[in-house]
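1. Next input, structure requested:
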Amino acid sequence: MDCDAIRERLSEYLDRELPADALPLVERHLAACAACRAERNALARISIPFKELPRLVAPAGLANVVRDKIAREALLSASAPPPTPPRRAILVAWVKGAGLAAAAAVVLVVISDRGSPPPPARDDSAPVDREHFDNKTPP
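-> Predicted coordinates:
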C-alpha cells in the first residue's frame, strides 16, 4: 500500500475497524514509513478526547421516524415540478452564451480573412486631372 492508501485507512486502524486482511499491510507500512507514523500519532492524539466521551443511545423509534420523514420528502420532491432557475442565473447564462458567440464570430472573420487576396496597390504616380476635381463635373 502507498502512503495515500494508508492515510485513508488510519481512522479504521485506530478504531480497530480495519479488515483482518488489511491490518498486516498497514502495520508493515507504518513500521517502515515515518511520515505515515507521524500522521497516525497526530490522528490518535486528536481522537483520544472523543473516545472518553460518554456513549449516547438514540431514543427508541428514532430510526423509524427518520426513515418515514425521508420517504415523505422523497414523495414530495418526486411529485413537485422542477424548480425554475432564478432570473439572475438565466441572465448569466445568456451573457456567457452571447460572449461565446461573439468570440466564435471573431474567429470566423479572422480565419475567413486569411484566404483573401490583398487589396490592389494604389498607384500614386499616375497624373491627376485637377480640372476634373476643381469643376466637380463628371469626365
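2. what about residue 6, how many neighbours?
-> 22 (other CB atoms under 10 Å). All C-beta spots, glycine's among them, are computed from the backbone N, C-alpha and C.
3. And residue 77, by the same measure?
-> Residue 77 has 9 nearby residues by other CB under 10 Å.
4. Now the longest helix along the chain: buried residues?
-> In the chain, with assignment by DSSP state H, the single longest helix is helix 87-114. Within helix 87-114, no residue is scored as buried using 16 or more other CB atoms under 10 Å.
5. Same question for stretch 44-62.
-> For stretch 44-62, it's none, nothing buried (16+ other CB under 10 Å).
6. What's the mean pLDDT across that stretch?
-> In this model, stretch 44-62 has an average pLDDT of 85.
7. How far does it stretch from one end to the other?
-> Start and end residues of stretch 44-62 are separated by 32 Å (CA to CA, to the nearest Å).
8. what does stretch 18-34 rub up against?
-> 1, 3, 6, 9, 10, 12, 13, 36, 37, 40 (CB atoms under 8 Å, 6 or more residues apart in numbering).
9. For my notes, please list those residues in CSV and give pLDDT and distance to residue 79 for each entry.
-> CSV is the format used below for the contacts of stretch 18-34 (pLDDT from 0 to 100; distance: CB to CB, whole Å):
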residue, pLDDT, distance to residue 79
1, 78, 48
3, 94, 49
6, 94, 47
9, 94, 42
10, 93, 44
12, 93, 41
13, 93, 46
36, 95, 50
37, 95, 54
40, 94, 49
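10. Among those, name the ones in helices.
-> Using DSSP H, those in helices are 3, 6, 9, 10, 12, 13, 36, 37, 40.
11. Need phi/psi at residue 83.
-> phi -70, psi 140 (degrees, to the nearest 10).
12. circling back: in TSV: the ones in helices among the contacts of stretch 18-34, plus distance to residue 98.
-> What follows is the ones in helices among the contacts of stretch 18-34, written out as TSV (distance: CB to CB, whole Å):
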residue	distance to residue 98
3	48
6	50
9	50
10	50
12	52
13	55
36	52
37	57
40	54
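13. Drop anything exposed from those.
-> Judged by 16+ other CB under 10 Å, buried ones among those: 6, 9, 10, 13, 36, 40.
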